[in-house]
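Q: quick one: sequence plus predicted model below, questions after.
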Amino acid sequence: MINVTCAIIFVDKKILVTQRGEDMKLPLKWEFPGGKVEENENEIECIKREIKEEINIEIDVFRRLSNSIYDYGTFKINLIPFLANYISGGIILAEHKDFKLLDKSELLDLDWAEADLPIVEEFLKLEL
Ligand SMILES: Nc1nc2c([nH]c(=O)n2[C@@H]2O[C@H](COP(=O)(O)OP(=O)(O)OP(=O)(O)O)[C@@H](O)[C@H]2O)c(=O)[nH]1
């Protein structure tokens, strides 16, 4: 099982979501940006590093949500979500095909990576 962090990032009340590329695993699915936890880092270090590498921004992580374990058949992931606020930097996509800044009410319209669905649902129930 691979441990993957992801971040639900608030940018001026909107939520940043990213779309995977055609050549990536789970092509064109929408996800919260993040990536695999490396051996020498903790989960918070991981999510900050991945967001800087993938999206080019700095974030302030303020809460962790429930992890989502999902078996895609060819691989199984433990997806660890964090809530974060945008701090600085311009969004530049290093790997993703697209991004959107959405209202909470628009999140369920996307074609999500399966592992993200319980996380989206928990997030929608929060009073923030
Ligand atoms: N970053 C991220 N990955 C997710 C999410 N949901 C989800 O199922 N994943 C899966 O978690 C895995 C690890 O993410 P990653 O971005 O570091 O890895 P990758 O597959 O692009 O790289 P790889 O091809 O080198 O293994 C991916 O296979 C991705 O499909 C999510 O919300 N965020």
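A: Received the coordinates, thanks. Numbers count the residues shown, from 1 in each chain.
Q: can you give me the helices for the chain?
A: Along the chain, the stretches classed as helices by DSSP state H are 43-55, 117-125.
Q: highest average neighbour count across the ones you listed?
A: Mean neighbour count, computed with mean count of other C-beta atoms under 10 Å, is highest for helix 43-55 among the helices of the chain, reaching a mean of 19. Bear in mind the C-beta positions are built from the backbone N, C-alpha and C, glycine included.
Q: that one vs the ligand: in contact?
A: No: applying C-beta under 6 Å from any ligand atom, one finds helix 43-55 separated from the ligand by no less than 6.9 Å.
Q: ok, and what's touching that helix?
A: With contact meaning C-beta atoms under 8 Å, 6 or more residues apart in numbering, helix 43-55 is reached by 3, 5-7, 9, 16, 18, 33-38, 41, 57-59, 61, 64, 80, 82, 84, 89, 91-96, 99.
Q: hang on, the earlier thing: of all the helices of the chain, which one is nearest residue 29?
A: Shortest separation from residue 29 across those is recorded for helix 117-125, at 10.8 Å, computed as C-beta to C-beta.
Q: outside of that closest one, which residues touch it?
A: With C-beta under 8 Å, 6+ apart, helix 117-125 has contacts from 6, 8, 32, 65-66, 68, 79, 81, 83, 104, 107-108, 112.
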